[in-house]
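Student: the sequence and its predicted three-dimensional model are supplied below.
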Amino acid sequence: MSPHLNLDIPLRPAKSAAMSSTDIPRTLIGLPDELLAQILDHLPTQRDLHAMCLVSRRINKVADPVLYKSIAFDEPQHHLTFSESLIRRPRRGSLIESIHVDYPSSELSDFMHLNHSPISNRIIDPFSRTISTMSNLEHLKVSVPESLCKGIGTLFNGPFDLACLKSCELFYQREDGGYWDLQDNIQVFSHPTLETLIIRRARLDERGFDSLEKPSETDLRVLHLIDCDINDDALSDILLHPEALKEISITQQTKPFPALEEAPENVEDYIHALPQHSLESINIDFPTLHGKNALRMRDFEELKIFKIRDYQLFGQASPRLHSVGFPPVLEVLTFLSEISKDEEIIELLAYTIENKSIMARSLRQLVVANDEHDLPWAIVEACEKSGFQLQFG
């Protein structure tokens with residue numbers, strides 16, 4: 001789209017018998033601001049929108065809410081330049097609904113080198129202050145060097161600047177590839193309006209909320225801890241306050257690097273840390289966790305989807321004297337690893353499927369990582385007899 005558009009071209013409606021000869025076709029430039037803003041919002045690319053902003057001062061003004069609704073900073077210079085522009089036009093901060101800040105440590109180091117300055121408050125304060133001006137911000141995604149961690153973390157300390165925040169993703173890059181300290185952003189768990197939270201490569205020790213003032217009830221619904229090293233007692237502490245947490249995912253690599261220091265060795269410790277009254281979906285994709293005994297899950301009254309490994313669910317102690325206590329309304333059970341050749345596990349799983357009216361009456365689907373030809377026949381036969389839905393891979 002060119003900035004040299006002829007906006008005086010009339011928008012001619014289709015002729016009809018009911019149209020009066022006195023009807024005057026309206027031009028694009030003559031449309032009301034609200035309608036013009038909707039048209040600008042449906043332009044196919046940002047380049048088209050920028051071109052329209054060059055047409056006139058009025059269109060440039062009308063385009064502001066559209067142009068600044070969603071912003072991505074992929075260079076520290078862009079972030080700092082926008083921070084400084086808000087001093088002149090602070091209203092723009094309230095227009096932003098979504099922001100993605102994503103640049104590596106190397107770019108920040110190069111930026112500081114060019115400015116002949118170490119990383120200081122001159123950089124950190126404007127970066128966090130920029131976000132704090134966004135009073136209508138709903139979605140925040142942060143992937144920046146660890147040097148900005150504490151500055152951005154202050155945004156989550158009360159009183160809350162981000163009163164409309166709905167989703168947040170946090171990742172602070174360490175030069176050694178290690179885990180950043182979640183304690184510096186711990187108050188994000190007490191944010192009153194936040195519904196979805198994703199944390200990447202963070203570490204949290206046993207302190208949890210190490211303060212006198214702990215959060216009250218929050219709106220957190222979805223929590224993903226991706227490649228994190230989280231103490232189970234701290235996890236229990238931070239999950240006391242989301243009264244309606246529906247989904248949690250805890251994942252880690254097969255060979256974590258750096259080595260885990262805070263995470264427990266047994267899957268039961270994480271299970272015991274989770275709220276039992278509200279969760280509907282649990283995904284524990286954490287290969288290094290062991291399971292001594294079969295899990296007791298009866299108290300998870302709302303759990304419908306459960307993803308785990310077979311040895312973590314059924315335990316590794318032999319002989320297995322206890323069967324799994326399945327959640328009463330569980331519908332889908334997913335095994336994240338292939339079902340092993342362990343005869344006791346095969347027997348317990350087949351027994352559960354055949355007697356699901358007693359063991360897990362709502363269970364209707366089993367998802368396995370095995371190939372179809374590699375699944376133990378006893379499991380396949382039990383599914384066929386019970387009319388049970390079996391899904392591979």
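Tutor: Thanks, I have it. Residues are numbered from 1 along each chain as shown.
Student: domain ranges for the chain?
Tutor: If you go by automatic domain parsing, the domain ranges for the chain are 1-66, 290-393.
Student: switch those domains over to CSV; also include distance to E75, mean neighbour count and mean pLDDT.
Tutor: C-beta here means a position set from N, CA and C on the backbone, and glycine is covered the same way. As requested, the domains of the chain are arranged in CSV below (distance: least, C-beta to C-beta, whole Å; neighbours: other C-beta atoms under 10 Å; pLDDT from 0 to 100):
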stretch, distance to E75, mean neighbour count, mean pLDDT
domain 1-66, 16, 12, 63
domain 290-393, 38, 17, 90
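Student: with adjacent residues omitted, what lies nearest to S236?
Tutor: In space, and not counting its chain neighbours, S236 is closest to A273: 3.9 Å by C-beta to C-beta, 6 or more residues apart in numbering.
Student: mind listing what the one you found touches?
Tutor: Going by C-beta atoms under 8 Å, 6 or more residues apart in numbering, A273 touches 232-233, 235-236, 239.
Student: my guess is A163 contacts M134, does it?
Tutor: No: assessed by C-beta atoms under 8 Å, A163 is found out of contact with M134, at 10.2 Å.
Student: which one of the two has more residues nearby?
Tutor: Ranked by neighbour count (other C-beta atoms under 10 Å), A163 and M134 place M134 first, with 25 against 12.
Student: and the more buried one, how far from F326?
Tutor: From M134 over to F326 the distance is 45 Å, taken as C-beta to C-beta, to the nearest Å.
Student: show me the contacts for the closest residue to P242 other than its chain neighbours.
Tutor: Spatial nearest neighbour of P242, chain neighbours left out: L220 (3.7 Å); criterion: C-beta to C-beta, 6+ apart. The neighbours of L220, taking C-beta under 8 Å, 6+ apart as the test, are 189, 194-197, 241-242, 244-245.
Student: please pick the buried ones from those residues.
Tutor: Listed as buried from the contacts of L220 are 189, 194-197, 241-242, 245; burial here means 16 or more other C-beta atoms under 10 Å.
Student: what's the farthest-apart pair in these?
Tutor: Spatial extent of these (C-beta to C-beta) is set by the pair T196 and H241 at 15.6 Å.
Student: about what we covered before: quick one: which of the domains of the chain is nearest Q252?
Tutor: Relative to Q252, the nearest member of the domains of the chain by C-beta to C-beta is domain 290-393, separated by 11.7 Å.
Student: start to end distance for that closest one?
Tutor: Start-to-end span of domain 290-393 (C-alpha to C-alpha, to the nearest Å) is 23 Å.
Student: could you do stretch 359-375 as well?
Tutor: Stretch 359-375 has its terminal residues 22 Å apart, counting by C-alpha to C-alpha.
Student: then stretch 356-368?
Tutor: One end of stretch 356-368 sits 17 Å from the other (C-alpha to C-alpha).
Student: with stretch 95-103 instead?
Tutor: 23 Å.
Student: residue boundaries of the helices in this protein?
Tutor: For the chain, applying DSSP state H gives helices covering 33-41, 46-53, 57-67, 76-88, 105-114, 121-132, 149-153, 232-238, 267-273, 310-314, 343-354, 356-359, 377-386.
Student: okay, the ones you listed in TSV with distance to T27 next?
Tutor: What follows is the helices of the chain, written out as TSV (distance: least, C-beta to C-beta, whole Å):
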stretch	distance to T27
helix 33-41	11
helix 46-53	15
helix 57-67	12
helix 76-88	32
helix 105-114	45
helix 121-132	38
helix 149-153	46
helix 232-238	57
helix 267-273	63
helix 310-314	67
helix 343-354	69
helix 356-359	68
helix 377-386	67
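Student: quick one: which of those is nearest L95?
Tutor: Of these, the one closest to L95 (C-beta to C-beta) turns out to be helix 57-67, at 5.0 Å.
Student: can I get the domains of the chain in CSV including distance to D184?
Tutor: Listed next are these as CSV, based on distance: least, C-beta to C-beta, whole Å:
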stretch, distance to D184
domain 1-66, 33
domain 290-393, 30
